[in-house]
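Novice: dropping a prediction and its sequence here:
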Amino acid sequence: MTLMQKYPRVRDLLPLAKRRLPPFVHAYLAAGTGAGEAVSRNEQRLAQIELLPVFLRGRVTPDLSTSLFGKTYDLPFGVSPIGLSSLIWPGAERYLARMAAKANIPYALSTVAGDSMEAIGPVAGDNGWFQLYAPNDKVIMQDLLSRARNNGFSTLVVTADVPGPSRREDMARAGAPIGSRNAMSLTPRVFWQSMTHPTWALAALQNGGKFRFKNLEPYYDASSFDNVTQFIGSQLNGSLDWDYLNEIRAAWDGPLILKGILNGQDATRAVAAGVDGLIVSNHGGRQLDAVPASIDLLEAIRSSVGPKVPLLFDSGVRSGLDIARALAAGADFVMCGRAFMYGVAALGEPGPDHVLAVLKDELENTMVQLGLERLADLPTALSRQS
Ligand SMILES: Cc1cc2nc3c(=O)[nH]c(=O)nc-3n(C[C@H](O)[C@H](O)[C@H](O)COP(=O)(O)O)c2cc1C
């Protein structure tokens with residue numbers, strides 16, 4: 001049986017991902033915050049978007065290529081930044097970057113990724129974006145940006161929607177050591193969970209057996225886990241404001257995207273500050289459980305910023321059909337977080353290629369069923385957004 005026969009949808013990978021990951025790692029990937037309502041709402045509100053086909057158009061051959069900031073990508077979607085992806089599956093950053101370069105889609109490497117921009121930049125080629133959590137220390141910010149530029153990252157994604165850590169109760173209950181005082185330490189519970197998930201533990205061991213924030217290691221003494229926690233707590237915790245955004249804009253001469261914008265007021269101000277695009281995102285429902293589904297905010301943000309500003313979208317996308325729905329609802333480009341990570345968690349190295357194949361096939365098929373060849377025509381298919 002081929003992977004496509006066994007796992008024809010991203011959701012078919014979820015049980016395998018859950019089985020293979022130690023519970024604290026699975027919780028890190030899957031968790032929302034509070035009661036998990038924002039995570040469900042993201043998915044449900046996308047599912048409620050209906051699209052209306054037109055027929056008798058003969059053979060339909062969709063063109064899925066999309067231009068963004070002067071570059072043409074083969075597909076209208078990319079990979080959202082995921083912190084510590086190599087905790088979820090060792091080597092994840094490399095596997096995702098390799099897939100993105102081959103498929104010609106963007107891959108956003110997180111500030112708090114496990115692997116470094118020096119290692120991943122060359123793998124991602126000109127498909128690498130760098131996601132910045134603005135550190136308190138602006139010398140570090142300048143250094144991160146020059147390293148990103150020197151390692152070939154074309155586009156900067158500045159994340160706006162983490163003003164402080166979120167509670168993520170499911171992670172605490174699963175025994176995740178991250179975020180607790182003894183962050184990343186090998187508690188007996190973590191040890192036990194790792195030993196009872198040997199494929200993951202073995203892959204982790206082969207990858208060095210240690211969870212590291214390699215992008216940040218030049219800035220602290222990484223020999224002790226306490227230093228890591230202390231550094232992250234003091235540097236990446238609510239430092240971003242509008243003045244700081246201006247400084248980042250001045251320091252980065254390439255395309256700059258602000259990620260996590262949810263209201264028209266912030267969107268308008270960001271565009272006035274010289275931001276080139278926005279990601280309408282609620283961080284996959286991981287920060288505030290009361291937040292509206294991000295799909296429901298696209299229309300208001302579009303009317304605030306006008307037709308020209310590229311609006312990217314993420315949060316809740318699990319299929320190529322969802323990608324079509326987001327494009328129909330007004331997004332110019334779509335980013336996928338968990339969808340790709342469930343693939344890596346379930347399948348390891350072949351995961352990203354498989355998820356890509358599924359999403360692409362579903363999107364292409366959706367276009368054929370709708371009778372559309374151009375992605376730009378998707379809004380004409382929007383039937384109802386209840
Ligand atoms: C495990 C995990 C880690 C994440 N880490 C980051 C991060 O380091 N930086 C960031 O901007 N967003 C981060 N996000 C948010 C994603 O970039 C993206 O906005 C979110 O996953 C989209 O929702 P989806 O997972 O439903 O597609 C993370 C999300 C997950 C699931």
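Specialist: Structure received. Numbers count the residues shown, from 1 in each chain.

Novice: so residue 366 sits against residue 326, correct?
Specialist: No - between residue 366 and residue 326 there is no contact under Cβ atoms under 8 Å: 11.6 Å. Heads up, the C-betas are built off the backbone N, CA and C, glycines and all.

Novice: which of these two has more neighbours?
Specialist: Ranked by neighbour count (other Cβ atoms under 10 Å), residue 366 and residue 326 place residue 326 first, with 30 against 24.

Novice: which helix runs longest in this protein?
Specialist: Longest helix of the chain, by residue count under DSSP state H: helix 351-370.

Novice: how about the secondary structure of residue 287?
Specialist: Under the three-state scheme (DSSP: H, G, I helix; E, B strand; the rest coil), residue 287 adopts coil.

Novice: doesn't residue 165 make contact with it?
Specialist: No - the pair residue 287 / residue 165 is not scored as a contact, 9.1 Å apart, by Cβ under 8 Å.

Novice: which one's more surrounded, the two?
Specialist: Counted by other Cβ under 10 Å, residue 287 and residue 165 do not tie: residue 287 has more neighbours, with 21 against 15.

Novice: and the more buried one, what's its pLDDT?
Specialist: What the model reports for residue 287 is a pLDDT of 97.

Novice: please give me every residue in contact with it.
Specialist: Residues in contact with residue 287 (Cβ atoms under 8 Å, 6 or more residues apart in numbering) are 33, 161, 162, 166.

Novice: for residue 74, same thing?
Specialist: Contacts for residue 74 (Cβ under 8 Å, 6+ apart) come out as 64, 65, 103, 104, 105.

Novice: how close does the closest residue to the fourth one other than its chain neighbours sit to residue 375?
Specialist: I take that to be residue 104. Ranked by Cβ to Cβ, 6 or more residues apart in numbering and with sequence neighbours excluded, the top spatial neighbour of residue 104 is residue 74, at 4.1 Å. Residue 74 is 12 Å from residue 375, where distance means Cβ to Cβ, to the nearest Å.

Novice: hmm, back to that, for the contacts of residue 74, which one is nearest the ligand?
Specialist: residue 105 (14.5 Å; Cβ to the nearest ligand atom).

Novice: in contact with the closest one, which residues?
Specialist: Neighbours of residue 105 in contact, by Cβ under 8 Å, 6+ apart: 73, 74, 75, 77, 78, 79, 127, 356.

Novice: and it, that's in a helix?
Specialist: No - assessed with three-state DSSP, residue 105 is coil; it does not lie in a helix.

Novice: okay, it: pLDDT?
Specialist: Per-residue confidence (pLDDT) for residue 105: 99.
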